[in-house]
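K.L.:
got a structure for you, letters missing:
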C-alpha cells in the first residue's frame, strides 16, 4: 500500500479577508502561522518527500514541519492554486468586495472564461490537476503535499470519476466543492493498493490534535 498525505495551507491574508495581493505572494496571516506550528507538532510521520506549490502560503505552512523532519520541500507548479480573478481587476479590494465578482464567475460557469490576463481559465486549472494525477503513482510512499483546498477538491472529484470540462460539470463541481470539508490545515490521506486507484480519507486524528492545540492557545 502507498500513502500520500495532502495538507491545505494555513489561513492566508486573503482567507482572512485582506486586501488583494498577487496570487502567488499571498502570505499566511498571523493565525495561519500559529496553525502551521500546531500542524507540525501534530504530524506524526517521517516523510519521504515534501512537495509544495509555487505559492508562498504553502511554503510558510510547510516550513515548521520541514524544520521538524530536517527536509527541504520540492516545488511543483501543478499544485498551484486556481487563480480565477486577475489581481489587477480587484486591486485594493478586501474579501467582501471580491466576493460578488467570484460569485458571478461561478454562476456563469464558463470553463473558457478568463477574468483578466493573469487569471486561469477553469479549463486550464482542470487540465493542470488532470496532468498531475498520473504522477500520484510515481510519488514515493509517505510523500506529503502542501497545497490548496480547491485543488484537492478537484482531484477528489476526478478520482471519483466525475469531470468538470463543460458548463454542467463545472456547476456540479462547484456544488461539491462548497460542501467538501477543507478548512485551513485540513489533512487528508490518499491510499492506493492498485496503481491508478486511490482511496481518499480524512486524517481526523491529526486534525483533532491541531484543533486541540489551537484551542489551548486561547486566541
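P.N.:
Noted; the coordinates are in hand. Computed from a prediction, not measured in an experiment: that's the story for all the values here. Residues are numbered from 1 along each chain as shown.
K.L.:
Run a quick neighbour tally on the residue lying closest to residue 132 once chain neighbours are set aside.
P.N.:
Spatial nearest neighbour of residue 132, excluding adjacent residues (C-beta to C-beta, 6 or more residues apart in numbering): residue 78 at 4.1 Å. Glycine gets a C-beta too; all of them are placed from N, C-alpha and C. As a burial measure, residue 78 scores 17 neighbours (other C-beta atoms under 10 Å).
K.L.:
Could you check the pLDDT of residue 78?
P.N.:
Residue 78 carries a pLDDT value of 96.
K.L.:
which residues does it contact?
P.N.:
By C-beta atoms under 8 Å, 6 or more residues apart in numbering, the contact list for residue 78 reads 128-129, 131-132, 135.
K.L.:
Centroid-nearest residue for this structure?
P.N.:
Centroid-nearest residue in the chain, with C-alpha atoms, centre = their mean: residue 148, separated by 1.1 Å.
K.L.:
Now that residue: closest residue in space, sequence neighbours ignored.
P.N.:
Per C-beta to C-beta, 6+ apart, closest to residue 148 is residue 81, 4.2 Å.
K.L.:
hang on, isn't residue 61 packed against residue 29?
P.N.:
No. Between residue 61 and residue 29 there is no contact under C-beta atoms under 8 Å: 11.4 Å.
K.L.:
Need the residues touching each of these two.
P.N.:
What both residue 61 and residue 29 touch, as defined by C-beta under 8 Å, 6+ apart, is the set residue 10.
K.L.:
In the protein, what residue spans correspond to strands?
P.N.:
2-8, 49-52, 74-75, 143-147, 187-194, 197-202 (DSSP state E).
K.L.:
Now render those strands as TSV, adding distance to residue 180.
P.N.:
Compiled in TSV, the strands of the chain are given as follows (distance: least, C-beta to C-beta, whole Å):
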stretch	distance to residue 180
strand 2-8	11
strand 49-52	21
strand 74-75	25
strand 143-147	14
strand 187-194	10
strand 197-202	10
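K.L.:
if we can go back for a sec, got the confidence number for the residue nearest to the centre of the chain?
P.N.:
So, for residue 148, pLDDT stands at 98.
K.L.:
if I look at residue 161, how far off is residue 49?
P.N.:
Residue 161 sits 27 Å away from residue 49, going by C-beta to C-beta, to the nearest Å.
K.L.:
More neighbours: the two, which one.
P.N.:
residue 49 (16 against 6).
K.L.:
List the contacts of the closest residue to that one other than its chain neighbours.
P.N.:
Of all residues not flanking residue 49 in the chain, residue 143 sits nearest, at 4.6 Å (C-beta to C-beta, 6+ apart). By C-beta under 8 Å, 6+ apart, the residues touching residue 143 are 4-5, 47-51.
K.L.:
what pairs with residue 143 across the strands?
P.N.:
Residues in a beta bridge with residue 143, per DSSP bridges, are residue 4, residue 49.
K.L.:
any idea how far residue 130 is from residue 77?
P.N.:
With C-beta to C-beta as the criterion, residue 130 and residue 77 are 14 Å apart.
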